[in-house]
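[1] Everything below, folded, please.
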Amino acid sequence: MVAGAAAAGGRRRWWLNRTAMVVVWVVVSVGIWVGLHWYIRTVSMRKAEEALESMCEERARMLQDQFAVSVNHVHALAILVSTFHYRKQPSAIDQETFAYYTAKTAFERPLLNGVAYAQRVVHAERGKFESQQGWTIKTMKQEPSPVQDEYAPVIFSQKTVSYIEALDMMSGEEDRENILRARATGKAVLTNPFRLLGSNHLGVVLTFPVYRAGLPADATVAQRVEATAGYLGGAFDVESLVENLLRQLAGNQDIMVNVYDVTNTSEPLIMYGPQNPDGYMPLSHVSMLDFGDPFRKHQMMCRYSQKPPIPLSAITTPSGVFVICMLAGYILYAAWNRYDNVKEDCRKMEELKVQAEAADVAKSQFLATVSHEIRTPMNGVLGMLDMLLDTDLNLTQKDYAQTAQICGKALIALINEVLDRAKIEAGKLEIEAVPFELRSILDDVLSLFSSKSREKGIELAVFVSHKVPEIVTGDPGRFRQIITNLVGNSVKFTERGHIFVQVHLIENANKVMDAKVDTDLNGCLSDMMVPSDGTFNTLSGLEAADRRNSWENFKLLVSNEMPQSDKCKNGMPCGMNSGNVTLMVSVEDTGIGIPLQAQDRVFTPFMQADSSTSRNYGGTGIGLSISKCLVELMGGQINFISRPNVGSTFTFTAIFQRCKKSAGGDPKRTLSESLPTGFKGMKAFLVDARPVRSAVTKYHLQRLGITVEVASTIKMALNALSGQNGCLRSGKRPYILLIEKDSWTPGMDVYLHDQLLEWKQCGQIPEVPKVILLVTSESDKAKAGSFVDTVIMKPLRASTVAACLQHALGMGKQQRKEMPNGSAFLHSLLAGKNILVVDDNKVNLRVAAGALKKYGAKVECAESGKDALSLLQLPHNFDACFMDVQMPEMDGFEATRQIRLMESKANEEVKCGETYEGSERAEWHLPILAMTADVIQATYEECMKCGMDGYVSKPFEEQQLYQAVAKFLVSKPNSDL
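    Model (predicted):
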């Protein structure tokens, strides 16, 4: 509970941390949006400010330029007046001329409302001036000008300002100051802004001095004042000027302009624009204006009429970045979440792995226990039955005992299959790599099903390509298991026809298949025509499921193969290099086939075609699944073609290694008999109308060294015999005439005997060949007749064919000396050997002791590991020890470790020069063989780890016992037996 609460608290903190991180990420993303939006807006406002500055500077520059042009024109007019009014006597200019001229040249002064000329008149000359002009000098208020030092009455004026004629420009305070400043500086000066008469617009008056001729360029103020003749002035309409200017420029509607006189900075005077500026005031720009008056300052202030709009990018760009940030956050969050989930899944997987490993260990222990507990009593049952069968029994008793033994072996086989499936699922099944004779394995498998095939009267045959090496390196036990499963199923489901096992090199088979491809599919009818007589070119004449195994393809395979004797010196077919060899094995039958709806679950464990299959034929449905796993462990694949009511063909590939007979590692020793060599050079005739079956028979005879000629009928064989008598005499070898039962008719034996005997008497043949009939069932023996030398029961095996030929040719005694049987092999190994058997089960102890004594061994028994240790105290005279694994007090593993420790100390003492009384051994090492009903891989590894030398599973048989003891015990010569 504490751990659970801590885990829950950790998960809660984890979620709180994750929530806080999400909130922080969202806040940061919002902050990025705000910051980016503010940055883009700032950049936009900066650009707007730069644009405003540019537009304001442009307007100020244009206003200054236009004002300067107007000033220049006024200056030119002043020079005109100076030249034509003062230098000409009489004056060339009068009011009418001035008005006309200024009116015609007004377009050059668009900024001026009008121009006028005021003459400088000192007080002493006032009277004379007034009399000449015919009017009195007046003030701005239209009153006679009071007495003063000098006057500046307007004498010439443009029509637009004719109302100022006779007015004294010096009567006004500001005008007087401008006049004084203008003549003192020689430059144009401006007045303060004021409302112009007529237009009521704000404007200024420009005053420009007119000097008499002869004024030097560097004149002093006094000289300028003395040389002043008058003043030329013009009224500027500033409002109209600025309006016209803004109207000419694009973007006038975007900005607002104010022009100020800022001579007095504390109280600027507005010259253009509203008195109270409006528009967007936070963003404005001020440009200074230079109108040429050094005493006055002017400026132009520009601003946008409204606030610049927010650019769309200020919304879209931050929003896009925000979306990207949120997506990145989501991705990071999802990745983090995924990482945590994967981490949690890994943790759970580790827990499940630990649980699975524990379950696997428990399963292995359970399997070991179940295997041991079942095999232990079965070992006693089978062992006692075996011992019972060695006693004198009547036929009924022997039948009962044999039936019980068959049932017990069937139960052991079922247990083995279940254990194999469990080992495969646990990944504990391993493949051996030992040399073995493949053809002997196939012969042994056929012998297992020979009685069943004879009962059913079906053809059971095997054919191995001559290109397949005699000895290959692989796992013979597992290869035997696959073949046994497939052939067993075929025998079980086939009631007529044949079962045909073929083995070829994969490259040869592929060449033939590529040359002739059959497109038949499972369950589909072939396009090939059915023969008129209803027979096919197959082993039995019945149609096969896979037409790729037809006689045409089989003939190509056989014709493409080289004879078995065509070998190089290394024992391998010529042209073959050592290395891997891939075999293709097919098992063909003409049984009931597999229903279409069941074909997709053929290799599923514990599954059969339908519920009736197990009732009618028996079986558990795991044989094919185990075979598939074994094939894949051997690096191959398995598949099948099946047609209901036609048959099935299972084909698998397996990878082995080539192995020379003279290689350093001897082939795995077996109890199978070696083939005799006394038949080499013999010739035989085979009468068989079926080419596939004749090729199979020819294969077995050629394995014995017999040359075979095939005839489809007896008549053809007799014709061939009568034509080859010369060869027969020179060879001095008896002819053998083998006839298939299909070619045999009643009375044929008498006809053959008489014909052959007649030829012998006539000297056509030196002797009558031996006539041998080939049959598939016991009922066919009755057809043989009295003149048949012998009958060979199928399935054909090289060893059974050799035995029958020895019997027929009178070679049996000689061959028996050359070929001792399996029991004799074991007897030669175990005779006279002192063997210790250790087992806590008294029944199994009796069975093991009886089995070893049967082969001549001297057996001593012990019921526990401690008893075995006491009997094996050095020195001892035991040659081997069979040790049970599971025993009380001290099991076989611990006992073996103690024995090895004792032997190790003894060997060290022997190296130091000490010897044991009554023993001359240079090194102590007792072969210890594990004897247990537990056959899983873990037990085998434990046996090897503790120092055992071998492994014998209960109940053990001759083959297994021979393989175990042959590694350690030396056999006696056969003459000693």
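[2] helix or strand right after the host helix or strand of L829?
    Element membership for L829 (DSSP states H and E) is helix 822-830. The first helix or strand that comes after helix 822-830 along the chain, using DSSP H and E, is strand 834-838.
[3] by contact count, what packs against that next one?
    On a contact count with 3 or more Cβ pairs under 8 Å, 6 or more residues apart in numbering; DSSP states H and E, strand 834-838 meets helix 842-853, strand 858-862, helix 865-871, strand 880-884. In short, each C-beta sits where N, CA and C put it, glycine included.
[4] Pull out the buried residues from the third one.
    Taking 16 or more other Cβ atoms under 10 Å as the basis for neighbour counts, the residues of helix 865-871 that come out buried are G865, D867, A868, L869.
[5] Verify the stated contact: M55 with L246.
    No: with contact defined as Cβ atoms under 8 Å, M55 and L246 do not form a contacting pair (10.2 Å).
[6] can you map out the helices along the stretch 851-977 of the chain?
    865-871, 892-911, 937-946, 958-965 (DSSP state H, counting those that start in this stretch).
[7] What of the stretch 201-350 of the chain?
    221-227, 238-248, 313-389.
[8] From L246, how far off is the nearest residue to D278 once chain neighbours are set aside?
    Computed as Cβ to Cβ, 6 or more residues apart in numbering, the closest residue to D278 that is not its neighbour in sequence is M256, at 7.2 Å. To L246, M256 is 9 Å away according to Cβ to Cβ, to the nearest Å.
[9] remind me, longest strand of the chain?
    Identified as the longest strand of the chain according to DSSP state E is strand 647-658.
[10] For that strand, which helices and strands make contact with it?
    By 3+ Cβ pairs under 8 Å, 6+ apart, strand 647-658 packs against strand 471-474, helix 476-493, strand 580-589, helix 623-633, strand 638-643.
[11] quick one, what contacts the residue lying closest to Q223 once chain neighbours are set aside?
    Spatial nearest neighbour of Q223, excluding adjacent residues (Cβ to Cβ, 6+ apart): L215 at 6.7 Å. Taking Cβ atoms under 8 Å, 6 or more residues apart in numbering, we find L215 in contact with Q223, R224, A227.
[12] Does R224 touch R181 like I think?
    No: assessed by Cβ under 8 Å, R224 is found out of contact with R181, at 11.0 Å.
[13] and for these two, which residues touch both?
    In contact with both R224 and R181: no residue, using Cβ under 8 Å, 6+ apart.
[14] tell me, what residue is most central in the protein?
    The centroid of the chain falls nearest to V342 when counting by Cα atoms, centre = their mean (18.9 Å).
[15] Distance check, it against E357.
    If you go by Cβ to Cβ, the gap between V342 and E357 works out to 21 Å.
[16] Could you list the paired strands of the helix or strand hosting I155 along with their orientation?
    Using DSSP H and E, I155 sits within strand 154-157. Counting by DSSP bridges, the strands paired with strand 154-157 are strand 112-119 (antiparallel).
[17] Please name the spatially closest residue to Q133 (chain neighbours excluded).
    I155 (6.7 Å).
[18] tell me the pLDDT at the one you found?
    Predicted confidence (pLDDT) for I155: 90.
[19] Contact partners for it?
    Counted by Cβ under 8 Å, 6+ apart, I155 has contacts Q95, Y117, A118, Q119, Q133, E165, G230.
[20] Spit out the contact partners of V238.
    Taking Cβ under 8 Å, 6+ apart, one finds P193, H201, L202, G203, V204, V259, M271, Y272 in contact with V238.
[21] Looking at those residues, which gets the smallest pLDDT?
    Out of the contacts of V238, that is H201, at 76.
[22] Was I right to think it contacts D237?
    Yes: applying Cβ under 8 Å, one finds H201 in contact with D237, separated by 4.9 Å.
[23] measure the residue nearest to Q223 to L246 for me?
    In terms of Cβ to Cβ, L215 sits 40 Å off from L246.
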